[in-house]
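Participant: structure for this input, please:
(one chain, ligands or ions: 2)
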Amino acid sequence: MHVSIVGSGYVGTTVAACLADLGHDVINIEVDEDIVATINAGEAPIHESGLAERIADHAGTRLRATTNYDAVRETDVTFLCLPTPQADDGSLDLAIMEAGAESLGRALAGKDDDHLVVVKSTVLPGTTEDVVAPILEAESGTPIGEGIEVAMNPEFLRMGTAVQDFLEPDKVVFGTASDETAAILRELYSPILERDGTDLVETDIREAELIKYANNAFLASKVSLVNELGNVAKAYGADAYEVLEAVGLDDRISERFMRSGLGWGGSCFPKDVNALRAGAREQGYEPELLDATVAVNDGQPRRLVALLADHVPLEGARIAVLGLAFKPGTDDIRKSRALDVIDALTARGADVVAYDPVAIENVRPDYPDIEYADSAEGALADADGAVVATDWPEFDDLSFDGMARKVLVDGRRIDVDEDALEVYEGLTW
Ligand SMILES: NC(=O)c1ccc[n+]([C@@H]2O[C@H](COP(=O)([O-])OP(=O)(O)OC[C@H]3O[C@@H](n4cnc5c(N)ncnc54)[C@H](O)[C@@H]3O)[C@@H](O)[C@H]2O)c1
Ligand SMILES: O=c1ccn([C@@H]2O[C@H](COP(=O)(O)OP(=O)(O)O[C@H]3O[C@H](CO)[C@@H](O)[C@H](O)[C@H]3O)[C@@H](O)[C@H]2O)c(=O)[nH]1
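Facilitator: Ligands and ions are numbered 1, 2, ... in the order given. As a prediction, this is how the structure comes out:
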């Protein structure tokens, strides 16, 4: 099929390269000229395992990129993969989606054959039908249902494993208003749907939109519950990891997403949980559990720093922060818990020396006054204490020999030789 993809960030680039790999003819429409040039040169604009090879294989043949929305006219289906950020008050900001829908609608004006517009961005229930569809209709002059159809197909990929998550998903969700539309999506996704292990969910548009939020709210709340149980375990002098490993053996609970510690960050959980909270309030419902999910998450960095302060007077102390990315395997620092740890340490007068294998340059502009080291051991040298904020595998089996005081507070349960330390404290164990 001929497919256009509007927005070529994490989701748009991954989906485009993977659909090209599945045999479709794909064009990315992107406002950033550097991204367009990078894709057309056969290179990946972001780092995701398996992405560069796919772009190199298909660029110039089945995969192209352009800044010109008119390219959608040569395609049958357009995916909107635009950002849906958080507004200052926590609610969902649809300005970029609206601008993209306007450009797309204008480009579709007078197109002869039928066109399907699929919202892949994470949007609250009603957005596709009540915001995107009316803009498309107004700008194209074509009534929805008479040449232009809309659908919603949320994306569940994780950063770091995006290509694999897209090609080998647990589930694919189609939110459509007609079986004809669902049939187009089934054809587009057919190799993925045919593999063992992919469940297909066909539902209405509103449900598809909410499935994405419910999924992220569930996972974020699971980690917050695990963290709350971890804090209780710590208060009792028990090891939360042993407790939760046993709890996870119950099929109804599952052993995945059970790592307690500093909590969740990233470009999705924080903004999506907040958008759902704001949306629920707008609908007249008080989302008390989701409020608590955020409150527990916000408390973890402060708890980590308070634990360290029990062992090291922080005023004037040299403290190593190991890990800056919001999780291992990425240089993304958006809403990383490590930044909250740095804020709490500097507020208490500590001198921070930070290390991360890939994320330092993303932190430096906003934190020009802290020190950066080029290895974990470099950060630990002469430090009066250290904290682990991201569970990079390279932090396993660290040497603490150079530390002024061998005090480590671990927010992520890395593998540590506790005997090599004067003090080792886990956040929840
Ligand atoms: N990143 C993830 O892991 C992930 C996973 C699932 C779903 N999502 C959701 O998918 C959506 C996109 O997320 P992302 O992480 O890919 O965002 P992103 O910020 O990485 O990429 C968005 C791209 O859109 C481009 N863009 C902005 N305005 C444009 C316009 N008018 N026309 C064309 N291009 C334009 C930007 O330049 C950017 O390259 C969001 O709703 C997000 O919540 C993200
Ligand atoms: O047991 C766990 C698991 C995760 N985390 C933290 O949770 C955050 C999110 O991790 P992860 O889900 O792996 O990262 P994302 O790439 O943000 O992916 C999430 O957000 C995406 C965007 O919506 C969705 O598509 C994915 O399904 C969803 O997992 C990170 O800070 C992790 O450190 C924990 O603290 N403990």
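Participant: list, one by one, the residues from this structure near ligand 1.
Facilitator: Residues of the chain found near ligand 1 (CB under 6 Å from any ligand atom) are 6-12, 29-32, 35, 81-84, 96, 99-100, 103, 121-122, 155, 157, 159, 267-268. Quick note: C-beta positions are derived from backbone N, CA and C, even for glycine.
Participant: just the buried ones from the residues you listed?
Facilitator: Restricting the residues of the chain next to ligand 1 to buried positions leaves 6-12, 29-31, 35, 81-84, 96, 100, 103, 121-122, 155, 157, 159, 267-268, with burial counted as 16 or more other CB atoms under 10 Å.
Participant: out of the residues you listed, which sit inside strands?
Facilitator: Among these, the members falling in strands (DSSP state E) are 6, 29.
Participant: which of the buried ones among the residues of the chain next to ligand 1 are close to ligand 2?
Facilitator: Okay, of these touching ligand 2 (CB under 6 Å from any ligand atom), that's 122, 155, 157, 159, 268.
Participant: give me the lowest-pLDDT entry from those residues.
Facilitator: The lowest pLDDT within those belongs to Met159, with 93.
Participant: distance of that residue from Ala347?
Facilitator: 29 Å (CB to CB, to the nearest Å).
Participant: again, but for Glu30
Facilitator: Distance from Glu30 to Ala347, counting by CB to CB: 40 Å.
Participant: burial measure for the residue lying closest to Phe269 once chain neighbours are set aside, as a count.
Facilitator: Nearest non-adjacent residue to Phe269, counting by CB to CB, 6 or more residues apart in numbering: Ala220, 4.4 Å away. Using other CB atoms under 10 Å, Ala220 has 25 other residues around it.
Participant: now name the helix or strand holding Ala220.
Facilitator: Element membership for Ala220, per DSSP states H and E: helix 205-235.
Participant: also Leu116?
Facilitator: Assigned by DSSP H and E, Leu116 belongs to strand 115-119.
Participant: now the element after that strand, going C-ward?
Facilitator: Next helix or strand after strand 115-119 toward the C-terminus (DSSP H and E): helix 127.
Participant: need the contact partners of that following helix.
Facilitator: Residues outside helix 127 that contact it (CB atoms under 8 Å, 6 or more residues apart in numbering) are 92, 94, 97, 119, 209.
Participant: stretch 213-224 too?
Facilitator: Outside stretch 213-224, the residues that touch it by CB under 8 Å, 6+ apart are 122, 124, 154, 156, 257-260, 263-264, 268-269, 272-273, 275-276, 279, 289-290, 292-294, 296-297.
Participant: got a PyMOL select line for the buried ones in these?
Facilitator: Command for PyMOL, covering only those of these found buried under the criterion 16+ other CB under 10 Å:
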select buried, resi 122+124+154+156+258+259+260+263+264+268+269+272+273+275+276+279+290+293+294+296+297
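Participant: just the ones in strands from the contacts of stretch 213-224, please.
Facilitator: Among these, no member is found in strands (DSSP E).
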